[in-house]
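Student: let's see this in three dimensions:
(one chain, ligands or ions: 2)
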Amino acid sequence: MDLLADVSNQQNSEPGSQISHLALDIGGSLIKLVYFSRNNDSRRDDDQQKSRNESLGVSQSDTSQPVLEGRLHFAKFETSKINDCLEFIRSKKLLLGGFHDHTAPSSDKIFIKATGGGAYKFADLFKEKLEISLDKEDEMDCLVTGANFLLKAVHQEAFTYLDGQKEFVQIDHNDLYPYLLVNIGSGVSMIKVDGDGKFERVSGTNLGGGTFWGLGRLLTKCKNFDELLELSHQGNNRVIDMLVGDIYGGTDYAKVGLSATTIASSFGKAISDNKELEEYKPEDISRSLLRMISNNIGQISYLNALRFGLKRIFFAGFFIRGHAYTMDTISVAVHFWSKGEAKAMFLRHEGFLGALGAFMSYEKQSLDGLMVHKIVQRFPISVSSAGDKIYCSLNSDSNQNDDSIECSVYGT
Ligand SMILES: Nc1ncnc2c1ncn2[C@@H]1O[C@H](COP(=O)(O)OP(=O)(O)OP(=O)(O)O)[C@@H](O)[C@H]1O
Ligand SMILES: CC(C)(CO)[C@@H](O)C(=O)NCCC(=O)O
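Tutor: Numbers count the residues shown, from 1 in each chain. Ligands and ions are numbered 1, 2, ... in the order given. Coordinates of the predicted model:
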């Protein structure tokens, strides 16, 4: 199979770059895109690269092959606005990132890698509107591949978040497994990861990001997810939630380890008040809802970690959106239930695991004439210590649409 970019030498809409390896993750709420754009004339010969790497302090064993330079791009769209996504693909000429499958009956067909339920649901739409076929990759496989890639290859990808403090976690590549991956999308998947391609989906819950957004929309009339999230900043959940102290007359129930401020019953105060329904403020509702969903996921995750003796839990999925209160609630839940034994960690490219996994499944094919050996960050801090095939630097916020990171691709 060839990448289309290998055989066509066309330019995309950004001058000076060529698109390759477009991959999609089409979920219940959001469509995520990842693609690589090669800088023109970025291909370096060994001598050029050697002297450049020496100046960067990169180990020679990692850099003895030819190199391409470019950017890994990230973008997302609401699944309900799939036509905007199709238009984005068309206008940016991203189909150059597809490939021809010469083994298929009609070898002029273009394929792009896709994962998530929408790869099945929308296959006909892609064929009809863009004349391309989706080459489907398993969703859990892609999530795990994406997580392992980010954890091993991207500098400062994982971090803890507690009491407003963000701390980056140094990942020891020789001591990464096993871990629990909790992907909070519309629904939640909990996956025990034991190695590259070695995993089991051990649990899940239907109370996920879709529940927060769906219930939030019904209860607050917010027009979009960001508005609902923003609203939660200003809210006070204690107006809506029934606390242990509300039941125990302001005191802790210390005998069983419950402080007066622990939520005894999410939304429980709404039944015991004499307030009119209109008196409940949307910001307080949003905050209670966010707390309820995050707390529940944190608790179920911990119970699954306990089930398998896992100490590390990585939380991903676009529900999190790098949101302080969400991460704090999840961290507190894990800390509380594990009595400090287990640790909640978050990923900076939280929503792109599946799309990155689908992107990585192109690896067996060539990238602009090179058989991909590995991709590294262009201005690496510690390239030689990593043991995987693809490495990248992170220099931006993955929540912005059309965000990108700089990479070098090593070929054989
Ligand atoms: N702009 C947005 N619009 C809608 N939901 C958003 C947005 N940003 C974040 N979210 C949250 O992210 C969730 C979707 O996350 P994600 O993209 O990881 O999952 P998905 O792939 O759509 O879902 P699934 O894997 O269950 O099919 C939504 O349910 C919502 O809670
Ligand atoms: C159905 C999927 C896997 C689709 O991404 C996801 O939404 C999910 O894990 N939902 C939770 C299903 C459950 O285990 O109850």
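Student: residue contacts, the closest residue to Asp138 other than its chain neighbours?
Tutor: Of all residues not flanking Asp138 in the chain, Thr115 sits nearest, at 6.9 Å (C-beta to C-beta, 6 or more residues apart in numbering). Just so you know, the C-beta spots here come from the backbone N, C-alpha and C atoms, and that holds for glycine as well. Neighbour list for Thr115: 23-26, 136-139, 141-142, 354-355, 357-358 [criterion: C-beta atoms under 8 Å, 6 or more residues apart in numbering].
Student: from those, which would you call buried?
Tutor: 23-26, 137, 139, 141-142, 354-355, 357-358 (16 or more other C-beta atoms under 10 Å).
Student: out of the contacts of Thr115, who's near ligand 2?
Tutor: Restricting the contacts of Thr115 to those near ligand 2 by C-beta under 6 Å from any ligand atom leaves Glu139.
Student: the closest residue to ligand 1 within the chain: how many residues sit nearby?
Tutor: Nearest to ligand 1 in the chain, going by C-beta to the nearest ligand atom, is Gly27, at a distance of 1.8 Å. The tally of other residues near Gly27 (other C-beta atoms under 10 Å) stands at 27.
Student: just checking, it touches Gly117?
Tutor: Yes: counting by C-beta atoms under 8 Å, Gly27 does reach Gly117; the two are 6.9 Å apart.
Student: circling back: gap between the residue of the chain closest to ligand 1 and Phe88?
Tutor: 16 Å (C-beta to C-beta, to the nearest Å).
Student: now do the SS call for Leu207.
Tutor: Recorded secondary structure, Leu207: coil (DSSP: H, G, I helix; E, B strand; the rest coil).
Student: just Met292 next, same as before
Tutor: Assignment for Met292 (three-state DSSP): helix.
Student: what's the burial count for the residue lying closest to it once chain neighbours are set aside?
Tutor: Leaving aside its sequence neighbours, Met292 sits nearest to Ser266 (C-beta to C-beta, 6+ apart; 3.9 Å). Around Ser266 there are 18 other residues, counting by other C-beta under 10 Å.
Student: surely Ser266 touches Leu215?
Tutor: No: here Ser266 does not reach Leu215: they are 11.3 Å apart, not a contact under C-beta under 8 Å.
Student: ligand 2 contacts on the chain?
Tutor: So the chain meets ligand 2 at 27-28, 117, 139, 185-189, 204-206 (C-beta under 6 Å from any ligand atom).
Student: those, buried ones only, as a ChimeraX selection?
Tutor: A single ChimeraX command selects the buried members of these (16+ other C-beta under 10 Å):
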select :27,139,185,186,187,188,189,204,205
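Student: now the residues of the chain next to ligand 2 in a markdown table, with secondary structure and pLDDT?
Tutor: Formatted as a markdown table, those follow (DSSP: H, G, I helix; E, B strand; the rest coil; pLDDT from 0 to 100):
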| residue | secondary structure | pLDDT |
| --- | --- | --- |
| Gly27 | coil | 98 |
| Gly28 | coil | 98 |
| Gly117 | coil | 98 |
| Glu139 | helix | 98 |
| Gly185 | coil | 98 |
| Ser186 | coil | 98 |
| Gly187 | coil | 98 |
| Val188 | strand | 98 |
| Ser189 | strand | 98 |
| Gly204 | strand | 98 |
| Thr205 | strand | 98 |
| Asn206 | coil | 98 |
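Student: what helix or strand does Leu231 sit in?
Tutor: Using DSSP states H and E, Leu231 sits in helix 225-234.
Student: quick check: buried residues in that helix?
Tutor: 225, 228-229, 231-232.
Student: so after it, what's the next helix or strand?
Tutor: strand 242-243.
Student: what's the first helix or strand after the lowest-mean-pLDDT helix or strand in the chain?
Tutor: Scoring the helices and strands of the chain by mean pLDDT, DSSP states H and E places helix 4-7 at the bottom, with a mean of 28. Downstream of helix 4-7, the next assigned helix or strand under DSSP H and E is strand 17-26.
Student: ligand 1 contacts on this structure?
Tutor: Residues of the chain lying near ligand 1 (C-beta under 6 Å from any ligand atom): 27-30, 78, 116-117, 185-187, 209-210, 212-213, 225, 317-319, 321, 351.
Student: all good on my end, thank you.
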